[in-house]
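Novice: sequence isn't available, so here's the structure alone:
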């Protein structure tokens, strides 16, 4: 093994300019992938936190009816679950909100403020107003609805519900979850008033549930349904599946595009080593006549690729992690009118870093193996006779 190492080292040092270019290309590819995945994971984590800040972890619906008719029994069966830390009844309906000459189609959600504060962290601290001010004849608006109508706190808006009933409601606050889908479409009203207007008495449409571990909602969903077969729990993952699926798809597409940088670097390694094999046919023949097997000669070129892979991928991985850390520490500003965050979020996942490093090493190893296979079993004497 020492002989192969010495020959491979000599090839690397003599062609240091070419090898340096290959190291840079491999390193930049790995660096770009790690930095991008860290930023993509940061946006995904930030979006998850924002969604969980406004939406409940689990929404429990009646399985055989449109509404719950008895709050006590159904709420108690949900609260008996050890993983549940809070539950709140709510009623969702469509509506039209009007202020002066502006109007907008909205989703009106009737809530009980005290209970809702336990399942919606965003509503506990509002940028304007307070959830405790939500009573009869009042309303909370999403930031997008507020900006569309150009209203302020204490302004009176007109809300028309599907049964044709219109209510004049005073704006007592607005919320900002950072999720456009919610901020632009939702308003919160007092549940008893919505029930009275729609003539639903004590009925409500869903139970919003908060659990100890939001990532284990699938297990909680199964437990709730098992405890009460008349309940149909739906998790936050299912409610926002389209949103997160789009984010994951975007992450995978960009990661694949950046992975092509590594593939290009691999082609560069294969090309350089392939030319080296052709130029060193005479040396290969001499080594073969001296008793060195073709397998050991191929190992010389594979070792070169392994060296380029380890050094290039290692340097790229360190640079990618360093760039991600620097972005996280010092921040990279974003336009506030286009994004819900003011700085680029970063979240480094060990699994992504490991897969990137292993992928880079695999590409370099394959790139070295392909030209090494070109070393044929042609007779050394025949090769030397033409040199």
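Specialist: Nice, I can see it. In this text the structure is predicted, and so the values were computed from the model without any measurement.

Novice: quick one, helices of the stretch 201-350 of the chain?
Specialist: Assigned helices in the stretch 201-350 of the chain, in chain order: 217-227, 236-239, 241-279, 281-289, 294-330, 350-372 (criterion: DSSP state H, counting those that start in this stretch).

Novice: now those as JSON lines including distance to residue 80, mean pLDDT and mean neighbour count?
Specialist: To be clear about C-beta, it is placed using only N, CA and C from the backbone, and glycine gets the same treatment. Below are the helices of the stretch 201-350 of the chain laid out as JSON lines (distance: least, Cβ to Cβ, whole Å; pLDDT from 0 to 100; neighbours: other Cβ atoms under 10 Å):
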{"stretch": "helix 217-227", "distance to residue 80": "7", "mean pLDDT": "87", "mean neighbour count": "16"}
{"stretch": "helix 236-239", "distance to residue 80": "21", "mean pLDDT": "83", "mean neighbour count": "16"}
{"stretch": "helix 241-279", "distance to residue 80": "28", "mean pLDDT": "78", "mean neighbour count": "16"}
{"stretch": "helix 281-289", "distance to residue 80": "76", "mean pLDDT": "64", "mean neighbour count": "17"}
{"stretch": "helix 294-330", "distance to residue 80": "42", "mean pLDDT": "85", "mean neighbour count": "19"}
{"stretch": "helix 350-372", "distance to residue 80": "36", "mean pLDDT": "87", "mean neighbour count": "19"}
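
Novice: of all those, which one comes closest to residue 77?
Specialist: Residue 77 lies closest, by Cβ to Cβ, to one member of these: helix 217-227, at 6.0 Å.

Novice: so what does that closest one touch, helix or strand wise?
Specialist: With contacts taken as 3 or more Cβ pairs under 8 Å, 6 or more residues apart in numbering; DSSP states H and E, helix 217-227 sits against strand 58-62, helix 71-79, strand 206-211, strand 231-235, helix 236-239.

Novice: rerun at 7 Å
Specialist: If contacts are counted by 3 or more Cβ pairs under 7 Å, 6 or more residues apart in numbering; DSSP states H and E, helix 217-227 sits against strand 58-62, strand 231-235.

Novice: which of those strands is buried the deepest?
Specialist: Of all the helices and strands packed on helix 217-227, strand 58-62 carries the top mean neighbour count, a mean of 22, counting by mean count of other Cβ atoms under 10 Å.

Novice: in a markdown table, list the helices and strands packed on helix 217-227 along with distance to residue 178 and mean pLDDT.
Specialist: Formatted as a markdown table, these follow (distance: least, Cβ to Cβ, whole Å; pLDDT from 0 to 100):
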| stretch | distance to residue 178 | mean pLDDT |
| --- | --- | --- |
| strand 58-62 | 20 | 88 |
| strand 231-235 | 21 | 87 |
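
Novice: next, format those as a markdown table and append distance to residue 39.
Specialist: What follows is these, written out as a markdown table (distance: least, Cβ to Cβ, whole Å):
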| stretch | distance to residue 39 |
| --- | --- |
| strand 58-62 | 30 |
| strand 231-235 | 27 |
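
Novice: of those, which approaches residue 273 most closely?
Specialist: Counting by Cβ to Cβ, residue 273 lies closest to strand 231-235 out of these; the figure is 51.4 Å.

Novice: what's the angle between that closest one and helix 241-279?
Specialist: 40 degrees (axes from the mean of the first three to the mean of the last three Cα atoms, to 10 degrees).

Novice: and the longest strand seen in the chain, what does it pack onto?
Specialist: Looking across the chain with DSSP state E, the single longest strand is strand 84-99. Applying 3+ Cβ pairs under 7 Å, 6+ apart, one finds that strand 84-99 contacts helix 71-79, strand 102-111, helix 113-116, helix 143-149, strand 156-160, helix 191-197, strand 206-211.

Novice: hey, which of the ones you listed is tucked in deepest?
Specialist: When the helices and strands packed on strand 84-99 are compared using mean count of other Cβ under 10 Å, strand 206-211 is most buried, at a mean of 24.

Novice: follow-up on the earlier one: to residue 212, which of the helices and strands packed on helix 217-227 lies closest?
Specialist: Minimum separation from residue 212 across these (Cβ to Cβ) falls at strand 58-62, 11.8 Å.

Novice: the closest one: how far from the chain's middle?
Specialist: Distance of strand 58-62 from its chain centroid, counting by Cα atoms, centre = their mean, to the nearest Å, is 25 Å.

Novice: and what of stretch 121-136?
Specialist: With Cα atoms, centre = their mean as the basis, stretch 121-136 stands 29 Å off its chain's centre.

Novice: same check on stretch 135-149?
Specialist: Counting by Cα atoms, centre = their mean, stretch 135-149 comes out at 30 Å from the chain centroid.

Novice: kindly check the end-to-end length of it for me.
Specialist: 22 Å (Cα to Cα, to the nearest Å).

Novice: now the helix or strand hosting residue 53 and helix 294-330, what's the angle there?
Specialist: If you go by DSSP states H and E, residue 53 is part of helix 16-54. For helix 16-54 against helix 294-330, the angle by the same axes, to 10 degrees is 50 degrees.

Novice: and helix 16-54, what other elements does it pack with?
Specialist: Looks like helix 16-54 contacts helix 241-279, helix 294-330, helix 350-372 (3+ Cβ pairs under 7 Å, 6+ apart).

Novice: quick one: those helices as JSON lines, columns for distance to residue 204 too.
Specialist: Compiled in JSON lines, these are given as follows (distance: least, Cβ to Cβ, whole Å):
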{"stretch": "helix 241-279", "distance to residue 204": "24"}
{"stretch": "helix 294-330", "distance to residue 204": "43"}
{"stretch": "helix 350-372", "distance to residue 204": "42"}
